[in-house]
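*Asks:* Could you work out the structure for the sequence below:
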Amino acid sequence: MMRAIFNGVVIAETPRTKRVEGNDYFPPDSLKREYFTDSPTKSLCPWKGVARYYSVSVDGVTSPDAAWYYPHPSPLARRIKNHVAFWNGVTIEGTREKKPTAQSR
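*Replies:* Residues are numbered from 1 along each chain as shown. Presented below is the predicted three-dimensional model:
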């Protein structure tokens, strides 16, 4: 199980993330939304597209722009559409579970 932790609290949890450029991207439904607020910040990645940001707040401690996602990624990055990656004080812990194979289904 993979977990994103900020200020001692799990803010996202999922069995599998999508790993791109050394970052674990968490599926949108894995976020505990009460800890996230939209940010006006945007940035541009030459191959992924325009990133949007969330600020993360837990127990009165806020990390501005600590999470980012691509709502409209380029075709090359479509597999991470709306998935969220973290930095700026958020730690990632855990082990990604393997995808089920045809034999294990």
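
*Asks:* Pick out the residue closest to the middle of the chain.
*Replies:* Computing the C-alpha centroid of the chain and ranking residues by CA atoms, centre = their mean puts residue 84 first, at 2.3 Å.

*Asks:* That one reaches residue 25, doesn't it?
*Replies:* Yes: assessed by CB atoms under 8 Å, residue 84 is found in contact with residue 25 at 6.5 Å. Every residue, glycine included, has its C-beta placed from N, CA and C.

*Asks:* what's the overlap in contacts for those two?
*Replies:* Taking CB atoms under 8 Å, 6 or more residues apart in numbering as the contact rule, residue 84 and residue 25 both touch residue 69.

*Asks:* so what's the residue nearest to the centre of the chain bridging to?
*Replies:* Judged by DSSP bridges, the bridge partners of residue 84 are residue 26, residue 69.

*Asks:* Enumerate every residue touching it.
*Replies:* Taking CB under 8 Å, 6+ apart, one finds 12, 25-26, 28, 31, 54, 67-69 in contact with residue 84.

*Asks:* Specify which member of the residues you listed is nearest to residue 4.
*Replies:* Distance to residue 4 across those (CB to CB) is lowest for residue 12, with 4.0 Å.

*Asks:* Count the residues that sit near residue 26.
*Replies:* By other CB atoms under 10 Å, 26 other residues sit near residue 26.

*Asks:* which ones are touching it?
*Replies:* 2, 4, 12, 14, 17, 83-86.

*Asks:* Can I get those in CSV including pLDDT?
*Replies:* Formatted as CSV, the contacts of residue 26 follow (pLDDT from 0 to 100):
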residue, pLDDT
2, 98
4, 98
12, 98
14, 97
17, 96
83, 98
84, 98
85, 98
86, 98
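
*Asks:* do you know how far residue 33 is from residue 65?
*Replies:* According to CB to CB, to the nearest Å, residue 33 stands 17 Å off from residue 65.
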